[in-house]
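J.: Please find the sequence and the predicted model below.
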Amino acid sequence: MSITTITTEDLRRMEEKEGLILQGCGGDLKEWVDGINEMLTEAGILKEGSRFGDVSTFQYGELTCLLFPFEDVKLEIGKLAMWRLQTHEDFGGTWLSDFVPNRLGGFIGEPSPEPEKPDCALIGQDGNVFNLVGIASRTLRRNGMAGQAKEMTDRVFASGSYHEALNIIGEYVNITSVDEPERRPSVRRQMKETKTAEPSEKQKPARQQER
């Protein structure tokens with residue numbers, strides 16, 4: 001058995017998970033976990049010798065709370081729901097999926113990955129900043145990044161020096177040489193292009209029935 005200390009921010013990143021949260025768990029946390037395991041086993045809620053082994057603890061205000069995740073345990077959910085209601089006055093039991101939206105402001109997703117920078121042959125071109133930003137902007141638009149193209153252009157023209165302008169352009173495109181052979185797109189881009197391209201009518205497979 002392990003008891004891991006987490007934060008409420010960690011809870012907000014558990015959108016795909018579910019569990020039972022007990023509030024106001026003072027004293028020895030191991031005794032709490034052992035006691036809850038015994039109570040739920042006797043009540044027929046934990047089945048086939050299953051027990052909560054990986055439990056988390058966190059602070060909510062002045063309360064010490066325990067999270068019993070439902071992963072890797074066999075539960076009688078209907079009985080657990082009734083037990084939670086019957087013991088709510090004692091344990092403040094609630095579901096993870098209720099606690100986060102109602103007490104913490106909702107779940108937050110993982111940050112989206114930054115878009116992949118497209119190659120742009122600027123080395124060897126006319127070094128005039130208007131020419132370079134125009135080439136870079138067209139490259140971004142061809143790659144479906146019109147918003148980034150406008151943002152880059154605005155930042156370049158608001159910059160204070162030629163060097164700063166080049167650095168800004170480099171944040172949006174991968175600067176290459178006009179003499180450099182075209183590189184193969186990354187695996188991620190190849191997968192994206194493959195998904196985008198639709199097969200002809202003759203090549204389209206019959207839709208399989210969902211099972």
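T.: That came through fine.

J.: in terms of contact, does R103 touch Y60 like I think?
T.: Yes - between R103 and Y60 there is a contact at 6.8 Å, judged by CB atoms under 8 Å. Yep, even glycine has a C-beta here, placed from its N, CA and C like the rest.

J.: Phi and psi next, for the residue nearest to T64 when sequence neighbours are not counted.
T.: Leaving aside its chain neighbours, T64 sits nearest to C25 (5.1 Å; criterion: CB to CB, 6 or more residues apart in numbering). The phi/psi pair for C25 (degrees, to the nearest 10) reads phi -90, psi 80.

J.: Local confidence estimate at C25?
T.: Model confidence at C25, given as pLDDT, is 96.

J.: Can you name the residues that contact it?
T.: Residues in contact with C25 (CB atoms under 8 Å, 6 or more residues apart in numbering) are 32, 57, 63-66.

J.: And for K74?
T.: 46-48, 50.

J.: ok, those vs S159, which is closest?
T.: Checking the contacts of K74 against S159 with CB to CB, the nearest one is S50 at 61.5 Å.

J.: What's the per-residue pLDDT of the spatially closest residue to the closest one that is not a sequence neighbour here?
T.: Spatial nearest neighbour of S50, excluding adjacent residues (CB to CB, 6+ apart): K74 at 4.2 Å. pLDDT, K74: 95.

J.: who wins for most neighbours among the contacts of K74?
T.: In terms of neighbours by other CB atoms under 10 Å, these top out with L46 at 22 neighbours.

J.: I'd like the distance between the nearest residue to that residue once chain neighbours are set aside and F157.
T.: Nearest non-adjacent residue to L46, counting by CB to CB, 6+ apart: L40, 4.5 Å away. As judged by CB to CB, to the nearest Å, L40 and F157 stand 65 Å apart.

J.: which of the two has more neighbours?
T.: Neighbour count, other CB under 10 Å: between L40 and F157, L40 has more, with 23 against 12.

J.: I'd assumed W83 was in contact with that one.
T.: Yes - L40 is within contact range of W83, at 7.2 Å (criterion: CB under 8 Å).
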